[in-house]
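Visitor: coords please:
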Amino acid sequence: MHRYLSLPIARDIGKKMVLLTGPRQVGKTTLARRLGEQFKNPLYLNYDTLTDRPTIEQALWLPTHDYLVIDELHNMPQWKSYLKGVYDSKPAHQALLITGSACLDTFRQTGESLAGRYFRWHLFPFSVRELAPTMPDPEAALDALMRFGGFPEALFEGTDSGRKRWQNQYYTDLIREDVIEFSRIHEVRGMRNLVELLRQRTGSPLSFESLSRDLGIAPNTVRNYVGILEALHIVFLIRPYHRNIARAQAKAAKLYFYDWAYLQGDDGARLENLVATSLQKHVNFLADSSGEQLTLNYVRTTSGKEIDFVLTREDGEAMQFIEVKWADTQPSYALKQMAQQHPQAEALQLVRLARHATTLDGVQVQPIAPWLMNLAA
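Guide: Down below sits the predicted model:
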């Protein structure tokens, strides 16, 4: 099946180089190969493949190739300078797609060397919006995603045993192989233990001091490890929102996994993580496709009141306050407060078991699956 980025990338690939990033096994290579079906003479190369590496390093492909994919290029030393040379010297008719599981986002920090030469796209796991057209309805899509996660192999295998086998291999390979690119071999055990702890703490403000005590390592080491997990697209952080909200003093970020089915927790925790990933996908798609700069945050005040998510505009103005519940259709006190204090923003309580939409005390209570269906991606 075609992924949600197929058409946007197909439009961009003839204009500039395209950089496609996202977690491992999220479908980047499949997407890249299927885009090649519309070209007469495509070429796929992977830097991690020993037979392809000399071809890439010496740029030995023919100029007659009208579509060139270079996968995992970030593993090549000084790949940014290399890529600039490849792009500047390629034939005008040749489309160029670069994919990677880590580091490609650092293009934003490389000065002007690639300015005007590329479009950047982020590929995320399947969401209700993307999966629903292949299912009987959005509820069925949400059920499948809750059970198997949004990574293609586990999702379309469609069995609990298949999901567990995939997850065991996926996380073992990530920690054993990819982490070594950023770290030292003796740190792999600490990273593995950290991932196990984080599986139990998603959706809560992250305390590096608490994690350091549990792991027996320094807080700065824990910070570095979490940074590596972010760079590898294993986890992502959502930071607190402060603008115009009294006493919102919390500084700790909340952490979520791209693979919510991997969590150790109840259905409510997995549902919140699924919504977090869907919102992150929504925000990134709008930024990549139209330049609209939204930010995903959460609200937690010093009095302990919390709202799961808030979407803000580029100027920092809140657009939507979002609370996720499994069964509770009574709006939370904090959400009702935000509805009163920020009338320009929507206050939403998304409920898995809600049968219909209602409005109570300025808060919209909505079934979660149809709402997720209306996100941008």
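Visitor: This protein: strands as residue ranges?
Guide: Assigned by DSSP state E, the chain shows strands spanning 17-21, 42-46, 67-71, 95-100, 118-122, 235-240, 254-257, 295-300, 306-312, 318-325, 346-351, 358-360, 363-367.
Visitor: among those strands, which is nearest G203?
Guide: Minimum separation from G203 across those (C-beta to C-beta) falls at strand 254-257, 5.9 Å. C-betas here are computed from N, CA, C, even on glycine.
Visitor: what does stretch 127-134 contact?
Guide: By C-beta atoms under 8 Å, 6 or more residues apart in numbering, the list of residues contacting stretch 127-134 from outside reads 1, 3-4, 138, 140-142, 144-145, 150, 155, 277-278, 281, 369, 372-377.
Visitor: picking that back up, of the strands of the chain, which approaches I175 most closely?
Guide: Going by C-beta to C-beta, the one of those nearest I175 is strand 235-240, 12.5 Å.
Visitor: Adjacent strands (with direction) for that closest one?
Guide: Strand 235-240 pairs in its sheet with strand 254-257 (antiparallel), strand 295-300 (parallel), by DSSP bridges.
Visitor: What's the mean pLDDT across the longest one?
Guide: In other words, strand 295-300. For strand 295-300, mean pLDDT is 92.
Visitor: So which residue is dead centre in this structure?
Guide: Centroid-nearest residue in the chain, with C-alpha atoms, centre = their mean: F124, separated by 5.1 Å.
Visitor: Go through this structure and flag its longest helix.
Guide: Looking across the chain with DSSP state H, the single longest helix is helix 267-290.
Visitor: So for stretch 322-330, what gets flagged as buried?
Guide: Residues of stretch 322-330 classed as buried: I322, E323, V324, K325, W326, T329 (neighbour count, 16 or more other C-beta atoms under 10 Å).
Visitor: mind giving me a markdown table with the residues you listed and columns for pLDDT and distance to I234?
Guide: Shown next, in a markdown table, are the buried residues of stretch 322-330 (pLDDT from 0 to 100; distance: C-beta to C-beta, whole Å):
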| residue | pLDDT | distance to I234 |
| --- | --- | --- |
| I322 | 97 | 24 |
| E323 | 97 | 26 |
| V324 | 97 | 22 |
| K325 | 97 | 27 |
| W326 | 97 | 25 |
| T329 | 95 | 34 |
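Visitor: thinking again about what came up before, most tightly surrounded among the strands paired with strand 235-240?
Guide: Among the strands paired with strand 235-240, ranked by average contacts under mean count of other C-beta atoms under 10 Å, first place goes to strand 254-257 (a mean of 23).
Visitor: Check the offset of that strand from the chain's centre.
Guide: 11 Å (C-alpha atoms, centre = their mean, to the nearest Å).
Visitor: who's in contact with that strand?
Guide: 198-199, 201-206, 226, 234-239, 263, 273, 276-277, 280, 298.
Visitor: re earlier: so which elements touch the longest helix of the chain?
Guide: Counting contacts by 3 or more C-beta pairs under 8 Å, 6 or more residues apart in numbering; DSSP states H and E, helix 267-290 is packed against strand 118-122, helix 138-148, strand 235-240, strand 254-257, strand 295-300, strand 306-312, strand 318-325, helix 368-373.
Visitor: Give me the angle between that helix and strand 118-122.
Guide: 160 degrees (axes from the mean of the first three to the mean of the last three C-alpha atoms, to 10 degrees).
Visitor: Strand 306-312 and helix 267-290, what's the angle between them?
Guide: Using the same axes, to 10 degrees: helix 267-290 against strand 306-312 is 10 degrees.
Visitor: average pLDDT across helix 267-290?
Guide: The predicted confidence, averaged over helix 267-290, sits at 97.
Visitor: dump the residue contacts of L73.
Guide: Y47, I56, W79, Y82, L83, I98, T99, G100.
Visitor: Output the longest helix of the chain as CSV - backbone C-alpha positions only.
Guide: These are the backbone C-alpha positions of helix 267-290, laid out as CSV (Å, rounded to 0.1, in the frame of the first residue of the first chain):
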residue,chain,number,x,y,z
ASP,A,267,-4.5,0.4,28.1
GLY,A,268,-4.8,4.0,29.2
ALA,A,269,-1.0,4.5,29.1
ARG,A,270,-0.8,3.0,25.6
LEU,A,271,-3.7,5.1,24.4
GLU,A,272,-2.1,8.3,25.6
ASN,A,273,1.2,7.3,23.9
LEU,A,274,-0.7,6.5,20.7
VAL,A,275,-2.3,9.9,20.7
ALA,A,276,1.0,11.6,21.5
THR,A,277,2.6,9.9,18.5
SER,A,278,-0.4,10.8,16.3
LEU,A,279,-0.2,14.4,17.3
GLN,A,280,3.6,14.5,16.7
LYS,A,281,2.9,13.0,13.2
HIS,A,282,0.3,15.7,12.6
VAL,A,283,2.6,18.5,13.6
ASN,A,284,5.5,17.2,11.6
PHE,A,285,3.4,16.7,8.5
LEU,A,286,2.1,20.2,8.6
ALA,A,287,5.6,21.6,9.0
ASP,A,288,7.0,19.4,6.2
SER,A,289,4.1,19.9,3.8
SER,A,290,3.1,23.6,4.3
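Visitor: Quick one, grab the pLDDT at the closest residue to Y258 other than its chain neighbours.
Guide: Closest residue in space to Y258, ignoring its immediate chain neighbours: P23 at 5.0 Å, by C-beta to C-beta, 6 or more residues apart in numbering. pLDDT for P23: 93.
Visitor: roughly how far apart are P23 and Y4?
Guide: For P23, the distance to Y4 (C-beta to C-beta, to the nearest Å) stands at 15 Å.
Visitor: higher neighbour count, these two?
Guide: Neighbours around P23 and Y4, counted as other C-beta atoms under 10 Å, are more numerous at P23. The numbers are 25 against 18.
Visitor: Starting from D178, give me the distance back to that one.
Guide: Between P23 and D178 the computed distance is 11 Å (C-beta to C-beta).
Visitor: which neighbours do those two share?
Guide: In contact with both P23 and D178: S101, L232, using C-beta under 8 Å, 6+ apart.
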